[in-house]
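**Student:** Following is a predicted model, sequence given first.
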Amino acid sequence: MESLFPHPEPQVSFVGIAKLAAMGEAISEGHKVDYISLENRSMLTRCDSPRMPFSWQINPYRGCEFACKYCYARYTHEFMEMRDGLDFERKIYVKKHGAWLLRQELKQVRAGQSIAIGTATDPYQPAERKFGITRAVMEEFARHEGLSLGLVTKSDLIVRDLDLLRIIAAKNRLRIHITITTTDTNLARVLEPRAPRPDLRFSAVEKLSTSGISTSVNCAPILPGITDSPKDLENVVRAAAATGATSVAAIPLFLKPCSAKVFMPFLQEHFPHLVPLYRTRYGDRAFLPDDYKKRVSTLVNKFCRKYGIGLRNHESATQASENGLSRQLKLFGG
């Protein structure tokens, strides 16, 4: 296993975001989680990649407590010289002065540029209940108009901010994307141990939609042999349509080396019969072959037509995340 997914040895000297992380002070402890303050230099991060569907990104926290076994963003902790993939879910960095920084930085945003919230960490993870950084960010957005905003989350905590989201949507272009991997509660608990249940997420989609806020469902990631059967995919599309979602995006799993170091032992424990398949498909690449993506896309498109819901092509954005997000986060401390 180790030889399939190698990773670099930790460095001794800390610079940039690693230095800031090392200087952070413990704020409190949660469920085997340390919350650490981060003297943030910037809240708004520019995205220069032409393949990305947004110009700017915001991540109110670094790390995510949901502990999703497949999470691609674990590598972002490596910029802080943390090489254990589990640190991503155990050490959550809370960005200080978020709203104040955002107020200054929004002056850089030009007409037509979009801002994505939650590209590398869930903005409504459990830490948000304690620290309210995302709430403060949304309060700032509610002061502005003419912005183009997109927010990704797999938490029903987002409905707490319906008052602000209504104000933002009335004056700006706002799109909410709720990630729902499966409708099977038991399977979701295995794959995403501390994320809200699928039914709670679908309930959030319904509440957002009935409030007039454009909300779509990310069926993501689609896991070969685990969540990719026609029945599994149809269940997600059917539920998304029933709750008023505008569209569904089907996003197959891509597996970075640092994510594989967590995911492969998990697979060995819970789905040992699939280990050879994953070793073959991901041993020397992060993405699944085009024929697999085409099969999934065809199936999901069929179900979207059946239930009268739109299909959102998210493949290019997913590919760009692998190619461009690492560099952006390293440069700007996202």
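**Tutor:** Cool, the structure landed. Residues are numbered from 1 along each chain as shown.

**Student:** For I92, which three-state class applies?
**Tutor:** Judged by DSSP: H, G, I helix; E, B strand; the rest coil, the three-state class of I92 is strand.

**Student:** in the sheet, who's paired with it?
**Tutor:** Y35 (DSSP bridges).

**Student:** Let me see the contact set for it.
**Tutor:** The contact partners of I92, taken as CB atoms under 8 Å, 6 or more residues apart in numbering, are G30, V33, D34, Y35, I36, Y61, R62, G63, C64, E65, Q125, A127. In short, each C-beta sits where N, CA and C put it, glycine included.

**Student:** Please list all residues in contact with the second one.
**Tutor:** Residues touching V33, when contacts are defined by CB under 8 Å, 6+ apart, comprise E65, E89, R90, K91, I92, P126.

**Student:** Distance-wise, check it relative to M138.
**Tutor:** Taking CB to CB, to the nearest Å as the measure, V33 and M138 are separated by 23 Å.

**Student:** Just confirm A142 contacts D161, I think it does.
**Tutor:** No - if you go by CB atoms under 8 Å, A142 and D161 don't touch, sitting 9.6 Å apart.

**Student:** more neighbours, those two?
**Tutor:** More crowded of A142 and D161, by other CB atoms under 10 Å: D161, with 22 against 19.

**Student:** Run a quick neighbour tally on P221.
**Tutor:** A count of nearby residues for P221, using other CB under 10 Å, gives 24.

**Student:** that older thread, tell me which two of the contacts of V33 sit farthest apart.
**Tutor:** Greatest spatial distance among those (CB to CB): K91 and P126, at 13.6 Å.

**Student:** and stretch 288-302, how far out from the chain's middle?
**Tutor:** 21 Å (CA atoms, centre = their mean, to the nearest Å).

**Student:** For it, buried residues please.
**Tutor:** Using 16 or more other CB atoms under 10 Å as the burial criterion, the residues of stretch 288-302 that qualify are L288, Y292, K293, V296, L299, V300.

**Student:** tell me which of those is nearest to S209?
**Tutor:** Nearest to S209 among these, counting by CB to CB, is V300 at 19.5 Å.

**Student:** what about the closest one, is that helix, strand or coil?
**Tutor:** Taking three-state DSSP, the label given to V300 is helix.

**Student:** Skip the chain neighbours and tell me the closest residue to it.
**Tutor:** Of all residues not flanking V300 in the chain, A250 sits nearest, at 4.1 Å (CB to CB, 6 or more residues apart in numbering).

**Student:** now Q268
**Tutor:** Distances taken as CB to CB, 6+ apart place V275 nearest to Q268, at 5.6 Å, with adjacent residues excluded.

**Student:** again with I226
**Tutor:** F271 is the one closest to I226 (CB to CB, 6+ apart), at 6.4 Å.

**Student:** did I read that right, E140 in a helix?
**Tutor:** Yes - judged by three-state DSSP, E140 forms part of a helix.

**Student:** I figured it hits R103, correct?
**Tutor:** Yes - the pair formed by E140 and R103 meets the contact definition of CB under 8 Å, at 5.7 Å.

**Student:** So for these two, which residue has more residues nearby?
**Tutor:** A side-by-side neighbour count of E140 and R103, using other CB under 10 Å, places E140 first with 19 against 14.

**Student:** So what's the predicted local confidence for the more buried one?
**Tutor:** Each residue has a pLDDT score; the one for E140 is 96.

**Student:** Who are the contact partners of it?
**Tutor:** By CB under 8 Å, 6+ apart, the contact set of E140 is A99, L102, R103, L106.

**Student:** okay, the residues you listed in JSON lines with secondary structure next?
**Tutor:** What follows is these, written out as JSON lines (three-state DSSP):
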{"residue": "A99", "secondary structure": "helix"}
{"residue": "L102", "secondary structure": "helix"}
{"residue": "R103", "secondary structure": "helix"}
{"residue": "L106", "secondary structure": "helix"}
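
**Student:** okay, and for the stretch 51-200 of the chain, where does confidence drop off?
**Tutor:** Scanning the stretch 51-200 of the chain for pLDDT under 70 picks out 51-54, 75, 77-85.

**Student:** So what's the residue count around R46?
**Tutor:** By the other CB under 10 Å criterion, the neighbourhood of R46 contains 16 residues.

**Student:** picking up where we left off before, tally of neighbours for the residue nearest to Q268?
**Tutor:** Under the neighbour criterion other CB under 10 Å, V275 is assigned a count of 14.

**Student:** who's in contact with it?
**Tutor:** M264, L267, Q268.

**Student:** between the residues you listed, which is nearest R197?
**Tutor:** Nearest to R197, judged by CB to CB, of the contacts of V275 is L267 at 22.3 Å.

**Student:** Show me how far the helix or strand harbouring the closest one is from its chain's centre.
**Tutor:** If you go by DSSP states H and E, L267 is part of helix 257-270. Helix 257-270 sits 18 Å away from the centroid of its parent chain (CA atoms, centre = their mean).
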